[in-house]
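Student: Have a look at this prediction, sequence included:
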Amino acid sequence: MKLTVLFLLPLVTYGSVGVNKYPNPCDNFQDAPWCNLDSSFVDRAKSLVANLTVEEKSKLMHMMGEGVPRLDIAAYIWWSEALHGAISPFQQPMQKPGTCWPEPIGVGSSFNSSLFYDLGDLTSTEARGGQNGMGRTYWAPNVNTFRDPRWGRGQETPGEDPTLSSSYAINFVKGMQGSDASYLKVSACLKHFAAYSQETGRIGEAAVVTEQDMEDTYLVPFEAGIVNGSASGIMCSYNAETYGYGLYGKGSQNGAIPSCANKGLLTDLARTKWGFNGYVTSDCGAADYIHGPHNYTQNAFETVNAVLGAGVDTDCGGTNTSLWGDYVLLDLMQNKSTAGVILPLMNTALTRLFTMRMRLGHFDPPSKQPWASYGLEHVDTPANRALAQDAAVQGFVLLKNDHETLPISPTMSFAVVGPHAKATVAMLGNYHERATPILISPCDGITNIAKNTTCEVAVNCTVAGNTTCFDSKTEAAVKSADAVVVVIGIDGSQEAEGKDRKSILLPGTQDELVSSVVKAANGKPVIVLIISGSALDVSNIQANPGVQSIAWVGYPGQAGGAAIAQAIFGQGTRMWGKLPMTWYKEEFCSEANLSDYRMRPDKQTGYPGRTHRFYTGTPLYPFGYGLSYTKFQSKLHLEGSSYLSLPSNDLSMQHNAGTFKVTIENIGSRSGDEVVLLFLLPPAEAVAAGAPKQHLAAFQRVSLRAGEVQELELLIPRSHFRMGKAAMNASNNAGGTWKARVDIASSLETLVDFKINFEM
């Protein structure tokens with residue numbers, strides 16, 4: 001979300017509120033029906049909207065609503081961010097910097113559902129503590145499908161898999177919103193609804209998506225976040241999709257409907273079918289973009305009608321735009337030819353918005369609300385710092401570890417080199433507060449433990465520059481050290497909001513840097529750490545025998561350097577995760593266009609498909625790959641009958657199809673964490689008819705001491721067998737024999753056959 005124009009809220013309004021206070025409009029209007037605590041929030045909101053003038057209504061439909069002074073209703077900023085830590089409303093400065101934990105891609109790699117919840121809880125606690133006045137609606141999480149490694153915002157998501165992203169959506173939202181029966185701790189907003197995953201041309205992009213891909217991939221995390229997570233917010237995206245419908249028929253771009261005008265998605269699916277009862281905001285400027293560049297509407301009336309009629313409630317945009325400005329909305333409500341259509345839609349939207357503000361406690365006594373007293377003592381606590389570091393360590397992925405080079409002893413001497421050796425802000429990735437409580441570079445983190453460490457970054461060495469990163473000082477440091485840590489990767493100059501990559505090769509002179517380090521090290525341990533939010537083709541580094549160890553560390557957040565040191569020195573047991581996305585080779589970029597949203601392969605054109613579920617090529621590292629410092633073995637069986645009969649018209653998330661039991665044992669000599677991944681494999685005939693070649697049905701992270709054994713129960717909802725009628729029929733006709741597989745770090749696997757009959 002980026003605005004090209006800065007809209008300023010009058011500071012006197014915000015300043016008069018105070019950081020931990022929000023003026024209760026009911027203090028002086030206790031007899032007003034909207035202040036009746038015995039009525040429902042919806043009824044109270046309806047009565048309030050009924051008492052507003054059209055002039056007042058016109059000023060409440062933007063992300064910076066002006067408030068209603070006549071009724072003591074203060075201005076409210078709907079826009080706050082919480083991608084990986086609370087950010088103050090619309091970049092208003094916080095009194096105390098909050099915790100910045102790893103980018104979500106490096107949290108998804110932990111495959112730890114309880115961690116997803118804990119980070120949501122941390123974030124909402126700091127949001128309440130630091131901004132208990134204005135900021136209570138937070139536009140996170142991003143649960144779009146990370147379908148292409150070139151996408152600049154894939155770093156913001158938990159990964160490429162719908163099951164993983166669903167777990168993240170559910171648990172992060174629950175952690176954010178709290179468990180009070182009446183009030184929300186803060187509101188979490190699922191974005192960007194729905195098939196949004198490219199920055200190139202994003203405001204006018206029309207995603208050509210099949211019904212099957214939408215329903216078993218792109219929509220799944222949103223459904224989970226609403227149905228099982230009770231998310232209270234949705235953000236519709238900039239792009240259009242060839243799925244759903246709008247009030248003005250098919251769009252001019254291959255029939256695609258702009259997401260913020262898609263009634264099929266926002267009303268029929270989200271509100272009616274899934275039961276969503278929150279508010280919908282547009283992405284910033286998206287309401288205007290429906291008119292152009294999508295060219296879906298012809299004028300302001302059609303634009304406002306299309307957006308509100310689809311189910312949007314507020315626009316993240318300007319108050320003076322020609323299609324959604326205050327004066328435009330006022331005119332549409334006052335004009336007899338348009339008021340009959342627009343005014344009821346405005347009333348419905350405003351009722352939802354005020355219902356949300358009431359759920360957030362804006363109209364009720366603080367004594368009734370669990371979090372109203374939170375202050376700065378809840379921001380940047382020792383526990384929050386520890387959780388941010390722990391989250392980073394759990395999400396790191398060990399990609400190579402020849403001769404068990406890691407963990408390595410901190411008593412050795414080290415050289416830390418490369419463009420990211422002294423990285424600080426680069427470790428934060430997208431969407432973070434201007435200031436962080438701490439910011440520990442890889443150099444500082446390693447030096448704090450291994451005292452005999454030299455850090456060298458060649459002059460003008462950057463991730464994408466043409467200047468050599470291996471100068472004489474770097475060479476001297478490498479030759480004098482017992483071991484070398486090379487910190488490479490990419491940063492916001494290569495991937496960010498508004499910026500996609502064209503290649504997934506390691507940019508700049510970094511390949512040459514690693515080769516030079518290996519030569520100068522002359523057989524001494526060389527450890528390569530990759531800082532990035534997406535996959536890189538590091539085939540040359542993987543194949544280099546002089547590189548003993550490789551680890552991907554994502555964008556690890558404020559404690560990134562400390563977490564890196566903890567991981568490579570083996571200090572602790574809760575470390576290492578699995579890849580949450582496929583690491584393709586560079587050839588993928590020529591085989592799959594960034595704007596091709598198809599998930600399934602096409603043999604006739606050579607299109608290889610996307611993600612571990614459909615990709616037919618050979619990746620550098622597959623989804624779910626990751627090594628450990630210890631070894632595990634497992635046994636798998638399906639509890640009860642090995643024959644499942646499933647109604648094809650009721651493959652919901654609320655009903656379980658069966659339960660798999662996994663017995664996992666740590667057969668190594670060290671304590672450690674293992675990520676258990678349960679995949680379901682349909683018959684080949686079903687795959688040929690459109691089913692995924694494999695499907696992640698469940699996962700669980702488990703901590704085991706050396707020699708310890710645990711039994712896990714993995715419940716499989718019926719929704720994991722959604723695949724389209726053609727694939728279901730093909731499965732039935734082939735005898736319905738499926739396989740279940742557990743992948744573990746030691747490369748052992750267990751296969752179990754079971755049968756499914758789809759009742760058609």
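Tutor: Received the coordinates, thanks.

Student: ok, Tyr629 - contacts?
Tutor: Going by Cβ atoms under 8 Å, 6 or more residues apart in numbering, Tyr629 touches 398, 404, 406-407, 570, 575-576, 668, 670, 672. C-betas here are computed from N, CA, C, even on glycine.

Student: repeat for Val54
Tutor: Val54 sits in contact with 330, 333-334, 343, where contact means Cβ under 8 Å, 6+ apart.

Student: Out of those residues, which sit inside helices?
Tutor: 330, 333-334, 343 (DSSP state H).

Student: Tell me the most packed of those, by neighbour count.
Tutor: Met333 (20 neighbours; other Cβ atoms under 10 Å).

Student: Would you state the strands of the stretch 101-250 of the chain in chain order?
Tutor: 137-138, 187-193, 206-207, 233-236, 240-241 (DSSP state E, counting those that start in this stretch).

Student: got these as TSV, with mean pLDDT columns?
Tutor: Listed next are the strands of the stretch 101-250 of the chain as TSV, based on pLDDT from 0 to 100:
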stretch	mean pLDDT
strand 137-138	95
strand 187-193	98
strand 206-207	96
strand 233-236	98
strand 240-241	98
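
Student: In a markdown table, list these along with distance to Thr272 and mean neighbour count.
Tutor: Formatted as a markdown table, the strands of the stretch 101-250 of the chain follow (distance: least, Cβ to Cβ, whole Å; neighbours: other Cβ atoms under 10 Å):
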| stretch | distance to Thr272 | mean neighbour count |
| --- | --- | --- |
| strand 137-138 | 23 | 28 |
| strand 187-193 | 15 | 27 |
| strand 206-207 | 23 | 24 |
| strand 233-236 | 14 | 27 |
| strand 240-241 | 18 | 29 |
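
Student: Quick one: those as JSON lines, columns for distance to Thr467 too.
Tutor: Formatted as JSON lines, these follow (distance: least, Cβ to Cβ, whole Å):
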{"stretch": "strand 137-138", "distance to Thr467": "40"}
{"stretch": "strand 187-193", "distance to Thr467": "37"}
{"stretch": "strand 206-207", "distance to Thr467": "39"}
{"stretch": "strand 233-236", "distance to Thr467": "40"}
{"stretch": "strand 240-241", "distance to Thr467": "42"}
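
Student: Quick one, which of the ones you listed gets closest to Glu199.
Tutor: Closest approach to Glu199 among those (Cβ to Cβ): strand 187-193, 11.4 Å.

Student: Go through the contacts of Val54 and name the one nearest Ala270.
Tutor: Distances from Ala270 to those, taken by Cβ to Cβ, are shortest for Leu343, at 23.7 Å.

Student: For that closest one, which non-adjacent residue is closest in space?
Tutor: Distances taken as Cβ to Cβ, 6 or more residues apart in numbering put Met333 closest to Leu343, at 5.0 Å, once the chain neighbours are dropped.

Student: so what's that neighbour up against?
Tutor: Met333 touches 54, 57-58, 339, 342-343, 346, counting by Cβ under 8 Å, 6+ apart.

Student: before we move on, what about Ser413?
Tutor: Contacts of Ser413 (Cβ under 8 Å, 6+ apart): 450, 452-454, 480-483.

Student: So which of these are in helices?
Tutor: Ser480.

Student: Now a ChimeraX select for only the buried ones of the contacts of Ser413.
Tutor: To isolate the buried members of those in ChimeraX, using 16 or more other Cβ atoms under 10 Å:
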select :450,453,454,481,482,483
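
Student: which ones among the contacts of Ser413 are found in strands?
Tutor: 453-454, 483 (DSSP state E).

Student: From these, pick the one nearest Leu83.
Tutor: Thr453 (32.1 Å).

Student: Do I have it right that the closest one meets Ile446?
Tutor: Yes: using Cβ atoms under 8 Å, Thr453 is in contact with Ile446, at 5.5 Å.

Student: which residues are in contact with both of the two?
Tutor: In contact with both Thr453 and Ile446: 414, 416, using Cβ under 8 Å, 6+ apart.

Student: Which residue, other than its chain neighbours, is closest to His362?
Tutor: Sequence neighbours aside, Tyr22 is the residue nearest to His362 in space, at 5.8 Å (criterion: Cβ to Cβ, 6+ apart).

Student: just checking, the one you found is part of a helix?
Tutor: No: counting by DSSP: H, G, I helix; E, B strand; the rest coil, Tyr22 is located in no helix; its state is coil.

Student: Relative to Glu377, how far out is it?
Tutor: 19 Å (Cβ to Cβ, to the nearest Å).

Student: which of those two has more neighbours?
Tutor: Tyr22 (21 against 9).

Student: The more buried one and Ala74 touch, don't they?
Tutor: Yes: Tyr22 is within contact range of Ala74, at 6.9 Å (criterion: Cβ under 8 Å).

Student: With respect to His62, which of the contacts of Ser413 is nearest?
Tutor: For those, the nearest to His62 is Thr453 (51.8 Å; Cβ to Cβ).

Student: hang on, the earlier thing: can you list the contacts of Met333 in CSV and add distance to Gly120 and pLDDT?
Tutor: Shown next, in CSV, are the contacts of Met333 (distance: Cβ to Cβ, whole Å; pLDDT from 0 to 100):
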residue, distance to Gly120, pLDDT
Val54, 39, 97
Lys57, 33, 97
Ser58, 35, 96
Ala339, 42, 98
Ile342, 37, 98
Leu343, 38, 98
Met346, 32, 98
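
Student: Show me the shaky parts of this protein.
Tutor: Within the chain, the ranges that satisfy pLDDT under 70 run 1-21, 89-94, 132-134, 744-750.

Student: Give the burial count for Lys635, as a bare number.
Tutor: So Lys635, with other Cβ under 10 Å, has 14 neighbours.

Student: hang on, I meant Val459
Tutor: 9.

Student: what's the answer for Lys479, then?
Tutor: 13.

Student: try Val417
Tutor: 34.

Student: That one reaches Val457, doesn't it?
Tutor: Yes: if you go by Cβ under 8 Å, Val417 and Val457 touch, sitting 6.9 Å apart.

Student: Quickly list what's touching both of those two.
Tutor: 469, 474.

Student: which ones are touching the spatially most central residue of the chain?
Tutor: Nearest to the mean C-alpha position of the chain, counting by Cα atoms, centre = their mean, stands Thr157 at 2.7 Å. The contact partners of Thr157, by Cβ under 8 Å, 6+ apart, come to 104-105, 108, 142-146, 165.

Student: again, 6 Å this time
Tutor: 104, 142, 144, 146 (Cβ atoms under 6 Å, 6 or more residues apart in numbering).

Student: Do you have the strands of the stretch 601-750 of the chain handy? List them.
Tutor: Going by DSSP E, counting those that start in this stretch, the stretch 601-750 of the chain shows strands at 632-638, 643-647, 656-666, 672-681, 695-704, 709-717, 737-743, 749-759.
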